[in-house]
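Visitor: Build me a structure from this.
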Amino acid sequence: MKVRSSVFASFILILEAVGVALFLRGFFPVPLKSSLSSKSKLSDLPAEPLAGSSPNSSRLPQPLFKRVVIMLVDALREDFVFGPNGRSYMPYTRHLVERGSSHSFVAKARPPTVTMPRIKALTTGTIPGFIDVVMNLNSPALLEDNLVWQAKAAGKRMVFYGDDTWVRLFPKHFMEHDGTTSFFVSDYTEVDNNVTRHLDSTLKRDDWDILILHYLGLDHIGHISGPHSSLIQPKLLEMDDVLKKIHGALVSKEAEGSLPYLLVLCGDHGMSETGSHGGSSEPEVNTPLVLISPAFKRKVGMEKPEVVEQVDLTPTLALGLGLPISQNSVGRLIPGVLEETSLRDQLRFLHLNGHQLSCLLKDSTPDYEKEAGFEQFRMAERAHGSWMKLFLEGNTSEVLTNMGRKVLKQYLEALASMSSALSKQLGKYDMYSMVAGMVFVFQLLLVLLLAMPEALSGEATVDLPVLSALLSLPFYLLCLLLASVHVLVCTSAESSCYFCSLSWGLVFAAVALSSAMFCILISMAMRRLPLGPLIHGKSPSRSSEWSLSELDVLLLAGTVGHTLSLAASSFVEEEHQIWYFLLNTLCLAVFQDVCRKYFREQSASGDEEEPVLPSRDCHPSARSRAEVLPERWLALATPPFTLVCCRLLRSLNQTGVQWAHLPDVGHWLNSSEHRTLLSLLAAFCLFLIYFLVQRRCSWVSKVALALGLLGVYSYRAAVGNVGFPWQRSGSATSKGTVEARFVYVFILGILFTGTKDLLRSQIVTADAELKSRGLWEIYSGLVLLVSLLFRAHNLPVLCCCLLIQTLMAQFIWKRLHYDAAQTTIMHYWFGQAFFYFQGNSNNIATVDISVGFVGLESYVEAPAVFLTALNTYAGPLLWACHLVCYLSSERGRRSPVAVGHGCYCLALLRSVPAAAYIVLVTALRYHLFIWSVFSPKLLYESMHLLLTAGVCLFFITMEQSPGSSFQALMCCLSCLLDSPICAFVLLSVGIFLLFFSLCVCYVLTYMCFHCVCSANININYLNV
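Guide: The predicted model follows:
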């Protein structure tokens, strides 16, 4: 069966995305959970240890606190409270820390530091996994044992105000609640006022036992302007006033003889130097934990806060309220909370925590008896029993006290050891799903590689032996063998595998597809013995030698070298340096080709050069030497100019890990004192964008583009990034919703105009100019959308991108006659470099989620996720779309199969690193940095693979040669577009289909970007 190269490449990429998805499902481990299906109960708690034959006492210590108020400030960094600016940011809180009855800690949050997994960690004491996201897509309720459920079961009356994530995780648990959405980051005022407005009435009442407040404003300010914004201090002072109000109300209601209150101030995660979160940097994982209660000793000065784990708060609150500890908790009790209780109660609390951890260790570790922590706990339990025997006998000697302190120390050491052992496991890999996905991806990669001579031939078609493979005996034998292996694995596996949980219909389809791919692979391999030569876009030669130029060697070595570099964590963290180096080397190699063409070969041949921009009215040879000469100098100047642009863009945004904290030009431009300069720069960039894009658009699109870019500047002025000359410096800002929607109208208009021209070009095949214009108008609409989403200081990145594309297309790729494969690899390299020029990295924290709310009054998930993904991958997407435009315009001039060759090369460039990387992360799955470095990169690779599959599908439409039926269909569509009513109906249908596609992209993007956010792995435990 013969198929075009573009169709073949797109089909391979789609199947690879399925294989990678299966691998991801097995890679992100299922979190540790107790084998008991029921939740912990007070009746299930162990008896107090007692040596001898006397019956053990089932006595439980009394609760430590009557009321608990948890004030959770989203993205509260520890230096906001304990740092040098703490006294000016939160003066009352700092006074309580230094002089009040309080305990202060630095609570370590585990990466990835995002809100939903952090809430689950705080309430369950566990570290959520990828499976939780999949389950929560349809059932957002948290079903496993947790602190909120235990409190409700014990009759505690709970009130909640704040982030509605709590309401979705714990439905029907709160006596009273008022949730606010956490995703609309443009709002940092009303989102907190909606919480504070309930305080006065709630604090006066006595009908609640637990009050939970989750403030979001600080996190939203961080996403908008970073941790050093002028908005940070007023917001922290507001939070300080709220804590002062709560503390004053609790003190006024304190009664003699009753249990004391507990006020908890904490953060779910911190904030990076850019204002984002999700990574593992110190500002993101270090959060303050302040416990305030009259049960604690009054401080006499500032003490260095002790470092604890965030999950340690769960058992501390549970035992403090007289509740059982959650079954799956890996946290340990904070000893300072027990300082004023009796020694017997302290030992009893630690015994209960140790018993819970030892039970979890038994369920999760087959050789649990060999664990040092388990043996330490057993020894401490026996010593505790001996101490209890002496205590009940009335012994009051100092020996008893010293013995009790020794037992206390043994318990603490055992708890630390068991907690560390549990955190090192965290979950178990689904190796069967991982291996199945990996094998399938490698089958597809080998098929893609074996098809290279045919895919890059002059016909650009691939002959796939599908029918012979399906009718062969090995195919049925392989199906039988793989089915047998599946049954064997699923029946003998100690833990459940995702692949085993699928229906037999899906399993049989996967087995048949894998067997067919293997047979096709063998058939193609046999046909390729011996392997013929590979010549870019030309007819295969009879020679058995490879024909590789110096540039080909560079492109091949660079691609392979980058793939091999992914095996080192340092290279993954600083991957942008690799692409910057490769891009600089490419520019030097291109400059060498330009010099060779114009200075060495020109003197030898003396032939007339083909003009860069052919004229309709004159033959190329009619152009005078005076006209051609400036073009040669422009061709010579293009590579050095590209190098200069790339060097300037490197200074615009610091990215990576090692130097991300250093100041860059972007931070300098965003400061308030340089707003005028940023305004001038943004205006110049928008004018240059219009000049570079409008040259191939229709007059309607030119007008729409001009008005749209004017709307972009107006939007940035409305949100306060830039300003108009008549605006005052202190003028009020808005969300810019009207201005953004104004731009969206022109974006849709340009896209509609381009689509209409593109459809008409399919009817008149000779009218290549109409098709080229339609493609360019679609590209122009994408550029306008990206300019709206980019922050003001990133507009030079877009300008340089368009300028380099223009110069390279006119003076390099055409003049030096680079083929489709070479041009595709160059576009791919430029796209990767511009991904990092934007300020992106392989860290989730650099994803700018604020762009998902441009033009939205309220949070709408599908467009928010789509806009965020588009902004993140704007660099690779713009270069891929420009590649489509360039190859389509060249199709009728030099190579009629250029689009097919480009599609195949793009698929190969994405398949090789994706397939190699899943092997690397499998081999490095126990690496120290697997969750902080390698797993986020795996998600980026997966999303890039999915994006490339979509681009290749667009390649297919551009390579379509209309037959009779296709031509009739396009004719009907073109006639309908001429009617305003029909055009409106088709536009409505198109918008509906676009919305449906966005929903599908949303689900895929949500699963990929948030699977690591659910697999919240305890990295610092692994460092122990």
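Visitor: in the stretch 301-450 of the chain, what spans have low per-residue confidence?
Guide: 425-428 (pLDDT under 70).
Visitor: the strands in it, which residues?
Guide: Along the stretch 301-450 of the chain, the segments classed as strands by DSSP state E, counting those that start in this stretch run 306-309, 427-428.
Visitor: where does the stretch 151-300 of the chain have low pLDDT?
Guide: 182-186, 257.
Visitor: Helices of that one, start to end?
Guide: 165-169, 190-196, 199-204, 217-225, 232-252, 282-285 (DSSP state H, counting those that start in this stretch).
Visitor: relative orientation of the fifth one and helix 217-225 in degrees?
Guide: Our comparison of helix 232-252 with helix 217-225, counting by axes from the mean of the first three to the mean of the last three Cα atoms, to 10 degrees, yields an angle of 180 degrees.
Visitor: where does helix 232-252 sit relative to the chain's centre, distance-wise?
Guide: Put simply, helix 232-252 sits 34 Å off its chain's centre (Cα atoms, centre = their mean, to the nearest Å).
Visitor: Packing partners of it?
Guide: strand 67-73, helix 86-89, helix 91-99, helix 190-196, helix 199-204, strand 210-215, helix 217-225, strand 261-266 (3 or more Cβ pairs under 8 Å, 6 or more residues apart in numbering; DSSP states H and E). C-beta: built from backbone N, CA, C; applies to glycine.
Visitor: centre of the chain versus the fourth one, how much separation?
Guide: This points to helix 190-196. 28 Å.
Visitor: what does it contact?
Guide: Under the criterion Cβ atoms under 8 Å, 6 or more residues apart in numbering, residues 161-162, 178, 180-181, 184, 213-217, 220, 235, 238, 242 lie in contact with helix 190-196.
Visitor: ok, 7 Å please
Guide: Tyr161, Gly162, Asp178, Thr180, Leu213, Tyr215, Leu216, Gly217, His220, Glu238, Val242 (Cβ atoms under 7 Å, 6 or more residues apart in numbering).
Visitor: Show the buried residues in those.
Guide: Tyr161, Gly162, Thr180, Leu213, Tyr215, Leu216, Gly217, His220, Glu238, Val242 (16 or more other Cβ atoms under 10 Å).
Visitor: can you redo the residues you listed as JSON lines with distance to Gly558?
Guide: Below are those laid out as JSON lines (distance: Cβ to Cβ, whole Å):
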{"residue": "Tyr161", "distance to Gly558": "55"}
{"residue": "Gly162", "distance to Gly558": "50"}
{"residue": "Thr180", "distance to Gly558": "49"}
{"residue": "Leu213", "distance to Gly558": "53"}
{"residue": "Tyr215", "distance to Gly558": "48"}
{"residue": "Leu216", "distance to Gly558": "44"}
{"residue": "Gly217", "distance to Gly558": "46"}
{"residue": "His220", "distance to Gly558": "41"}
{"residue": "Glu238", "distance to Gly558": "52"}
{"residue": "Val242", "distance to Gly558": "55"}
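Visitor: Which parts of the protein belong to which domain?
Guide: Here the domain parsing of the chain from the TED database is 2-28+430-527, 73-327, 341-426, 567-599+628-891.
Visitor: Check the average confidence over the last one, would you?
Guide: Think domain 567-599+628-891. Averaging pLDDT along domain 567-599+628-891 gives 88.
Visitor: Strands of the protein, start to end?
Guide: Applying DSSP state E to the chain gives strands spanning 2-4, 30-31, 67-73, 102-108, 158-163, 176-180, 210-215, 261-266, 286-292, 306-309, 427-428, 461-463.
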